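In: fold the following for me, if possible:
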Amino acid sequence: MVSVNLVVLLTIKGSQLSEQPMYYFLSYLSFMDICFTSTVAPKLIIDLFLQCNTISYNGCIAQMFYAHFFGATEIFILVAMAYDRYVAICRLLYYMIIMSRQVCYMLVIASAIGAFIHSLVHVFIIIRLPFCGTNEIDHYFCDIFPLLKLACTDTRLLVIVVITTTGVLSILTFLALVISYIIILSILRTRSSEGRRKTLSICGSHITVVFMFFLPLIFTYVPVGDSVGDEKLIAAFYTMMTNKLNLSIYTLRK
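Out: As a prediction, the model looks like this:
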């Protein structure tokens, strides 16, 4: 999967496609896919091969930070890609002015800054907690809900904070993306059949990726009661499977 992402990334960077905002964002989405998966998959594969299921405290905190950082950056880049499609369809005459290279740079930088702040909040939540008793995490990687379960204190308020910062962020972002594409689809009714077909091909890829990425996130980070952190299968889907399929969806479209 890493090799596929690298091929797509190098292809875009080595061609004139990188001059187009959509492919510019796609190259960064590819890079985030590589980084996001690399925070979880290599450690998991090594542990399965060596039958060694241990990780240091610092390594656990680092894994949680980078998983949330790269994951959140992907979310914000998907939002930037949706905005790009909205401008391309709804403000076509002003497209090159609105989506200038400087604007694209700023959107990517803003995505990274927002993701960094988001991840830092999670780290501050965990490092301030006392841990005692069992140190066995009921998960295949260090995520915040499994770590909260190990704390020797009442973490109900912190669970609400996490749901607010991650779960609600995922829901609001998902709703914003869905609304933006509803607007785009309503505008497409006035276009020619050829124009509708081409636009739906581009937007359909993005909509598919959005649903595949956000729905597992929402089910994971908007849990109910004691179900927090129990959906390891869902977590596996958005940490590894979705990233593997993202570029296939984009590159195989017509």
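In: any regions of the chain where pLDDT drops low?
Out: Applying pLDDT under 70 to the chain flags residues 1-18, 133, 190-205, 223-254.
In: helices along that one, start to end?
Out: Counting by DSSP state H, the chain has helices at residues 2-13, 21-38, 41-50, 57-90, 95-98, 101-127, 144-150, 156-162, 168-188, 193-221, 232-236, 242-251.
In: got the angle for the second one vs helix 101-127?
Out: Relative orientation of helix 21-38 versus helix 101-127 (axes from the mean of the first three to the mean of the last three C-alpha atoms, to 10 degrees): 20 degrees.
In: coming back round to it: who wins for proximity to residue 135 among the helices of the chain?
Out: Nearest of the helices of the chain to residue 135, taken as C-beta to C-beta: helix 144-150 at 6.7 Å. C-betas here are computed from N, CA, C, even on glycine.
In: then the closest one to CSV, C-alphas only?
Out: Listed next in CSV are the C-alpha coordinates belonging to helix 144-150 (Å, rounded to 0.1, in the frame of the first residue of the first chain):
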residue,chain,number,x,y,z
ILE,A,144,-7.1,7.7,23.9
PHE,A,145,-10.2,5.7,25.0
PRO,A,146,-8.3,2.5,25.8
LEU,A,147,-5.7,4.6,27.8
LEU,A,148,-8.5,6.4,29.7
LYS,A,149,-9.7,3.0,30.9
LEU,A,150,-6.3,2.3,32.6
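In: contact partners of it?
Out: If you take C-beta atoms under 8 Å, 6 or more residues apart in numbering as the criterion, helix 144-150 is touched by 60, 64, 68, 122, 125-126, 129, 131, 133-135, 137-139, 155, 158-159, 162, 166, 221, 223, 228-229.
In: pull the number of nearby residues for the nearest residue in space to residue 178 that is not next to it in sequence.
Out: The shortest distance from residue 178 to any non-neighbouring residue, by C-beta to C-beta, 6 or more residues apart in numbering, is to residue 210 (7.8 Å). For residue 210, the tally of surrounding residues (other C-beta atoms under 10 Å) stands at 21.
In: dump the residue contacts of residue 210.
Out: Counting by C-beta under 8 Å, 6+ apart, residue 210 makes contact with 78, 82, 174, 177, 178.
In: in a markdown table: those residues, plus distance to residue 49 and neighbour count.
Out: Output for the contacts of residue 210, formatted as a markdown table (distance: C-beta to C-beta, whole Å; neighbours: other C-beta atoms under 10 Å):
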| residue | distance to residue 49 | neighbour count |
| --- | --- | --- |
| 78 | 33 | 23 |
| 82 | 39 | 23 |
| 174 | 36 | 20 |
| 177 | 38 | 21 |
| 178 | 41 | 15 |
